[in-house]
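Novice: only geometry, no sequence info:
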């Protein structure tokens, strides 16, 4: 694929993401995406064959981008506590995001397209990626004697379950910033070793 074709493909994905954010997954048609991109139907089908294919590409690109926000803010003298707090700060932004995003569309897609193998599930892979990142942070924090806990992977999974639950709450019935802060503080309070 040439550079111009790749740019067109990325443009289509960007415009489609906005359509999915506004309408969810189920209600989006190829016609909606054609109109948002201001291209011909044939032009769209050169790149994608269905709304499902487009949405899956959007989800995969989001999965690849996750974690980039954290690494750009780290310095050589960052503690593991700093890194954990930065990770949680980024998650808080996602939970409290007011602008439309594709969270609801993602759940609609996942309910409609349950893969046979768990490892083919994009949400599962995203969750597991979060667990891996957190596990590395926690294990390094234990090694540096910044955190105290028995099982880094189990704690990482627990944190991810809480974060995912808050994301769902935020989209379904709402959650205040104070409540998010309270839950995050509760998660961290048992981990960090206080310096004497």
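Specialist: That came through fine. Here the structure is a predicted model, which is why all the values come from computation and not from measurement.

Novice: so what's the residue count around residue 137?
Specialist: Residues within reach of residue 137, counting by other C-beta atoms under 10 Å, total 22. Any C-beta I mention is one placed from the backbone N, CA and C, and that applies to glycine too.

Novice: go ahead and confirm it touches residue 88.
Specialist: No. If you go by C-beta atoms under 8 Å, residue 137 and residue 88 don't touch, sitting 10.2 Å apart.

Novice: in stretch 108-122, what counts as buried?
Specialist: 108, 109, 110, 121, 122 (16 or more other C-beta atoms under 10 Å).

Novice: what about it, start to end distance?
Specialist: End-to-end span of stretch 108-122 (C-alpha to C-alpha, to the nearest Å): 13 Å.

Novice: quick check: mean pLDDT of it?
Specialist: In this model, stretch 108-122 has a mean pLDDT of 83.

Novice: mind checking how far that stretch is from the chain centre?
Specialist: Distance of stretch 108-122 from its chain centroid, counting by C-alpha atoms, centre = their mean, to the nearest Å, is 16 Å.

Novice: got it, and stretch 169-180?
Specialist: 17 Å.

Novice: same check, this time on stretch 142-154
Specialist: Between the centre of stretch 142-154 and the centre of its chain there are 24 Å (C-alpha atoms, centre = their mean).

Novice: cool, stretch 106-124 as well?
Specialist: Centroid separation for stretch 106-124 versus its chain: 14 Å, with C-alpha atoms, centre = their mean.

Novice: can you check stretch 158-168 too?
Specialist: That offset, for stretch 158-168, works out to 11 Å (C-alpha atoms, centre = their mean).

Novice: heads up, I number from 39, so please use that
Specialist: Shifting the count to begin at 39 puts that one at stretch 196-206.

Novice: could I get the buried residue list for it?
Specialist: Applying 16+ other C-beta under 10 Å to stretch 196-206 flags 197, 198, 201, 202, 204, 205 as buried.

Novice: kindly report the same for stretch 81-90.
Specialist: By 16+ other C-beta under 10 Å, the buried positions in stretch 81-90 come out as 82, 85, 86, 89.

Novice: I am finished for the moment; much appreciated.
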